[in-house]
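A.B. asks: The following block contains a protein sequence and its predicted model.
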Amino acid sequence: IPAEFDVTLNSRVPISHPAPTVPIKKAKVLILGGGLTGIIAARTLHQAGITDFIIVEARTELGGRMQSVPFGRSPFPRVQVEQGPNWIQGTQTPGGNANPIFELAKKHGLKSRFNDWFESLSTYNASGPADFLDVFGQSEDDYERLTVLAGTRVDKGLVDTSARTGYSLGGAKPATPHARASEYYQFDWEYAQTPDQSSLIASSWGNNYTYDVTSGGFSDDNQMSIDQRGFKTIAQTEATEFLAPSGRQVWLGATVRTVKHSREGVQVVLADGRELSADYALCTFSLGVLQHDDVIFEPKLPDFKQEAIQSMVMATYTKIFLQFPHKFWFDTEMAIYADEQRGRYTVWQSLDHSGFLPGSGIIFVTVTGDFAIRIETLSNAQVQEEVLSVLRAMFPSVLVPEPTDFYFPRWHANPLFRGSYSNWPPSFASQHLDNLRANIGRLYFAGEATSRKYFGASLRFGGLVCIVEVT
Ligand SMILES: Cc1cc2nc3c(=O)[nH]c(=O)nc-3n(C[C@H](O)[C@H](O)[C@H](O)COP(=O)(O)OP(=O)(O)OC[C@H]3O[C@@H](n4cnc5c(N)ncnc54)[C@H](O)[C@@H]3O)c2cc1C
């Protein structure tokens, strides 16, 4: 309380002095979170003629998990690398449905390139280069059988199982480091958790609705953004097309602490004490944020909602970027490293490649799931040492130099995300998804995790579904 308002501190202030109040900003709709879902929800409202909304975002820019960061040290120019999403997964087949992200990319002239995950691939183990592409080919067939099995179970009305059970029923029981690394590349690298931790049916849905044209998917291409404006440019440029130039519809640097909801409306209290109120609110915060109680709901969310929130998993997918004074690695786009320990620094991608960022000296390795959470507890120096030891094993005849730059984000610890994207565990029932999406009176929910077809690793348009009801 400022001293001039506090009668106990300053007796000259008359006792009748009005109590200090923080002005409440009123809007028709508050959109909580300025990621892609929040932006598209705002666009939907705008198109419906409702312009009295405010996007409330804690970060200093829109885009959410779409985050490009400058990376690299002299003598190389610094380049933008994507610590969040990188690929448009499934683009369009002639005459077929277009992935809405692909549409945005075309509209805003995103520079991207086809990324050949399956044909431009080198393989290594702890002794160096090792050709196990035949084993890898087998793992592609195993994954194909897995998705077919999931479809059969849905058709027969059978219950879900883990993807591990599905693999085993299909006869796939990887027993060697080569087979386990190949399976990891097919599965964990997409779902950010192991087959044991993932739903058979839901993981296959995600795959089919994205890649399989006969199941309503877009195409089997993965298009990688190499745009130096950052992948986020498609979200941010789209937003500037309809948001008021005055900036009144967006509050940046505004961290929500409390969401009070009632039959009359929704009131939001920010970390700095400012308050906003509205007739409706649409919460697009990540599943991880909801799970972690970073935001307090008053009254508490009902039991059915809390059960749904806690039943899904916010998985972690971490890219570790390294820059070296010269390129000493493979000329393919991708590489698999098969360690004795499943999932230990398995998937490598060269950015210093003619199709991507040639001459950049950059390579990155991706880790997922529990291993990704584990490295967040280590220091940068410890992780760098582990990664370098793997590179030395992969390239025994090379004197692997010290990197000129090294970086990885800590998605799991980040209070605005608490992980990278959602994954369905085998115990997740379909009803949980309905409950995750369900509104509580005037408080609506959207975002990546609330999408039945595209939860997890595909950019989400969940906001569209809920906002129709709001309008
Ligand atoms: C490492 C990684 C790799 C990925 N790879 C791909 C890929 O290649 N292709 C693909 O299609 N998808 C990928 N994804 C998934 C994709 O990024 C997400 O599905 C999508 O960005 C989710 O958008 P959203 O708007 O639902 O959520 P978010 O982007 O999380 O938006 C929610 C917003 O809420 C804000 N927020 C959180 N808490 C608060 C608070 N208390 N107060 C105010 N604001 C708050 C956050 O800052 C954020 O901006 C990846 C994600 C990650 C992290």
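C.D. replies: Thanks, I have it.
A.B. asks: what sits up against stretch 306-317?
C.D. replies: Stretch 306-317 has contacts (Cβ atoms under 8 Å, 6 or more residues apart in numbering) with 191-193, 197, 286-288, 290-291, 300-301, 366-369, 372-373, 376, 411-412, 418-425, 427-429, 432-433, 435-436, 438, 449, 456-457. Quick note: C-beta positions are derived from backbone N, CA and C, even for glycine.
A.B. asks: Identify those among the residues you listed that sit within helices.
C.D. replies: Of those, the ones assigned to helices by DSSP state H are 191, 287-288, 290-291, 369, 372-373, 376, 432-433, 435-436.
A.B. asks: Can I get those in TSV including distance to the ligand and pLDDT?
C.D. replies: Formatted as TSV, those follow (distance: Cβ to the nearest ligand atom, whole Å; pLDDT from 0 to 100):
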residue	distance to the ligand	pLDDT
Tyr191	11	94
Leu287	9	97
Gly288	9	98
Leu290	9	98
Gln291	12	97
Gly369	13	98
Ala372	9	98
Ile373	13	98
Glu376	13	98
His432	18	92
Leu433	15	92
Asn435	18	96
Leu436	12	95
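A.B. asks: related to what we said a few turns ago, buried subset of the contacts of stretch 306-317?
C.D. replies: 191-193, 197, 286-288, 290-291, 301, 366-369, 372-373, 376, 411-412, 418-425, 428, 432-433, 435-436, 449, 456-457 (16 or more other Cβ atoms under 10 Å).
A.B. asks: Show me which residues of the chain sit near the ligand.
C.D. replies: Applying Cβ under 6 Å from any ligand atom, we find that the chain lies next to the ligand at 33-38, 56-59, 64-66, 84-87, 89, 255-256, 284-286, 289, 294-295, 317, 411, 416-417, 420-421, 447-448, 457-460.
A.B. asks: mind redoing it with 5 Å?
C.D. replies: Contact residues, the chain versus the ligand (Cβ under 5 Å from any ligand atom): 33, 35-37, 58-59, 64-65, 84-87, 255-256, 285-286, 289, 295, 317, 416, 420-421, 447-448, 457-460.
A.B. asks: Can you get me a residue count around the residue of the stretch 151-300 of the chain found nearest the ligand?
C.D. replies: Proximity of the stretch 151-300 of the chain to the ligand (Cβ to the nearest ligand atom) peaks at Val256, 3.6 Å away. For Val256, the neighbour count with other Cβ atoms under 10 Å is 24.
A.B. asks: 231 is where my numbering starts, stick with that
C.D. replies: Okay, residue one is now 231; in that scheme the one you just asked about reads as Val486.
A.B. asks: residue contacts, it?
C.D. replies: 262, 286, 288, 498-501, 515, 525.
A.B. asks: Which residue ranges of the stretch 481-630 of the chain form strands?
C.D. replies: Counting by DSSP state E, counting those that start in this stretch, one finds strands in the stretch 481-630 of the chain at the ranges 486-491, 496-500, 505-513, 526-528, 543-545, 547-553, 564-568, 577-580, 592-598.
A.B. asks: Comparing those strands, which comes out most buried?
C.D. replies: Comparing these on average neighbours per residue, with mean count of other Cβ atoms under 10 Å, the densest one is strand 543-545 at a mean of 27.
A.B. asks: Check the burial of the closest residue to the ligand within the stretch 331-480 of the chain by counting its neighbours.
C.D. replies: Nearest residue of the stretch 331-480 of the chain to the ligand, counting by Cβ to the nearest ligand atom: Ile331, 6.3 Å away. As a burial measure, Ile331 scores 26 neighbours (other Cβ under 10 Å).
A.B. asks: Show the pLDDT at it.
C.D. replies: pLDDT, Ile331: 93.
A.B. asks: likewise Ser449?
C.D. replies: Ser449 is given a pLDDT of 83.
A.B. asks: which residues does Lys256 contact?
C.D. replies: 506-508.
A.B. asks: In TSV, list those along with pLDDT.
C.D. replies: Conversion of those to TSV gives the following (pLDDT from 0 to 100):
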residue	pLDDT
Leu506	97
Ser507	97
Ala508	98
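A.B. asks: Which one of the strands of the stretch 481-630 of the chain lies nearest to Ser412?
C.D. replies: With respect to Ser412, and counting by Cβ to Cβ, the nearest of the strands of the stretch 481-630 of the chain is strand 564-568 at 6.7 Å.
A.B. asks: Taking the ones in helices among the contacts of stretch 536-547 together, which two end up most distant?
C.D. replies: Farthest apart among the ones in helices among the contacts of stretch 536-547 by Cβ to Cβ are Glu606 and Asn665. That separation is 29.7 Å.
A.B. asks: rewinding a little: tell me the bridge partners for the residue of the stretch 381-530 of the chain closest to the ligand.
C.D. replies: In this entry, Val486 is beta-bridged to Leu500, by DSSP bridges.
A.B. asks: repeat for the one 4 residues further on
C.D. replies: On the basis of DSSP bridges, Lys490 is bridged to Gln497, Glu528.
A.B. asks: Looks like it contacts Leu506 (just checking).
C.D. replies: No: counting by Cβ atoms under 8 Å, Lys490 stays clear of Leu506, with 10.8 Å between them.
A.B. asks: residues shared between the contacts of the two?
C.D. replies: Here Lys490 and Leu506 have 497-498 as joint contacts, going by Cβ under 8 Å, 6+ apart.
A.B. asks: can you redo the strands of the stretch 481-630 of the chain as JSON lines with distance to Asp372?
C.D. replies: JSON lines is the format used below for the strands of the stretch 481-630 of the chain (distance: least, Cβ to Cβ, whole Å):
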{"stretch": "strand 486-491", "distance to Asp372": "44"}
{"stretch": "strand 496-500", "distance to Asp372": "48"}
{"stretch": "strand 505-513", "distance to Asp372": "39"}
{"stretch": "strand 526-528", "distance to Asp372": "43"}
{"stretch": "strand 543-545", "distance to Asp372": "21"}
{"stretch": "strand 547-553", "distance to Asp372": "22"}
{"stretch": "strand 564-568", "distance to Asp372": "15"}
{"stretch": "strand 577-580", "distance to Asp372": "17"}
{"stretch": "strand 592-598", "distance to Asp372": "19"}
